[in-house]
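A.B. asks: I would like the atomic coordinates for the input below:
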Amino acid sequence: MADDLQQLADWAGPLLARLDAKERRALARSLARELRRGQRERIKAQRNPDGSEFAPRQSQKWRARQGGIRRRAMFGKLATAKWLKATAQSDTAVVGFFGNVARIAKTHQYGLRDRVDRNGPTIEYPQRELLGFTEADRTRIRDALIEHLASV
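C.D. replies: The predicted structure is shown next:
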């Protein structure tokens, strides 16, 4: 994947160098919005960037005794614009989680260990890649870049 992105950067670098800072910032902003939209759709569909499904939730038998919880799709609120931010500058476009929610997202992204509650048990979470490039994202970046350069 890194090689594909490097090839895209090598191809687009000379073209982007011809744009002024204002045009590059506008392009970065539109790319960031498009990427956030794609990431949000993929998270809501419960899919990893490679197309596989997220690892299912673990059964929570201890919650059944307390009245249970409703089973909804994981990360429903994380995929909203409040938490999944898209920022842009003249030379970068960033899509990611910021603030306290970034710790939660990082735990799931890399399959780390974390506490459920401040005094709760430590649990090892399975890897669920919330952020990543799909083939559709690469195509979306390339097409947006070509469209922007054609309009300039």
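
A.B. asks: ok, which stretches of this structure are helices?
C.D. replies: In order along the chain, the chain carries the following helices (DSSP state H): 2-17, 21-44, 61-64, 101-110, 135-151.

A.B. asks: May I ask which helix or strand of this protein has the lowest mean pLDDT?
C.D. replies: Among the helices and strands of the chain, helix 61-64 carries the lowest confidence by mean pLDDT, DSSP states H and E, at a mean of 58.

A.B. asks: Can I get the helices of the chain in JSON lines including mean neighbour count and distance to Ser90?
C.D. replies: From N, CA and C alone the C-beta is placed, and that goes for glycine too. Written out in JSON lines, the entries for those read as follows (neighbours: other C-beta atoms under 10 Å; distance: least, C-beta to C-beta, whole Å):
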{"stretch": "helix 2-17", "mean neighbour count": "11", "distance to Ser90": "10"}
{"stretch": "helix 21-44", "mean neighbour count": "18", "distance to Ser90": "4"}
{"stretch": "helix 61-64", "mean neighbour count": "9", "distance to Ser90": "48"}
{"stretch": "helix 101-110", "mean neighbour count": "16", "distance to Ser90": "24"}
{"stretch": "helix 135-151", "mean neighbour count": "14", "distance to Ser90": "14"}
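
A.B. asks: Mind telling me which of those the model trusts least?
C.D. replies: Per-segment mean pLDDT for the helices of the chain reaches its minimum on helix 61-64, at a mean of 58.

A.B. asks: Quick test: name the residue nearest the centre of this structure.
C.D. replies: Nearest residue to the geometric centre of the chain (C-alpha atoms, centre = their mean): Leu131, 3.0 Å.

A.B. asks: okay but that one is in contact with Ala102, surely?
C.D. replies: No. Look at Leu131 against Ala102 with C-beta atoms under 8 Å: they stay out of range, at 10.6 Å.

A.B. asks: list residues touching both of those two?
C.D. replies: Gly96 (C-beta atoms under 8 Å, 6 or more residues apart in numbering).

A.B. asks: right, so of the helices of the chain, which gets closest to Ala73?
C.D. replies: The minimum distance between Ala73 and those falls on helix 21-44, with 6.7 Å, by C-beta to C-beta.

A.B. asks: Outside of the closest one itself, list whatever touches it.
C.D. replies: Where contact means C-beta under 8 Å, 6+ apart, the residues beyond helix 21-44 that reach it are 16, 19, 49, 73, 75-76, 78-81, 84-95, 130-131, 134, 136-137, 140-141, 144-145, 148, 152.
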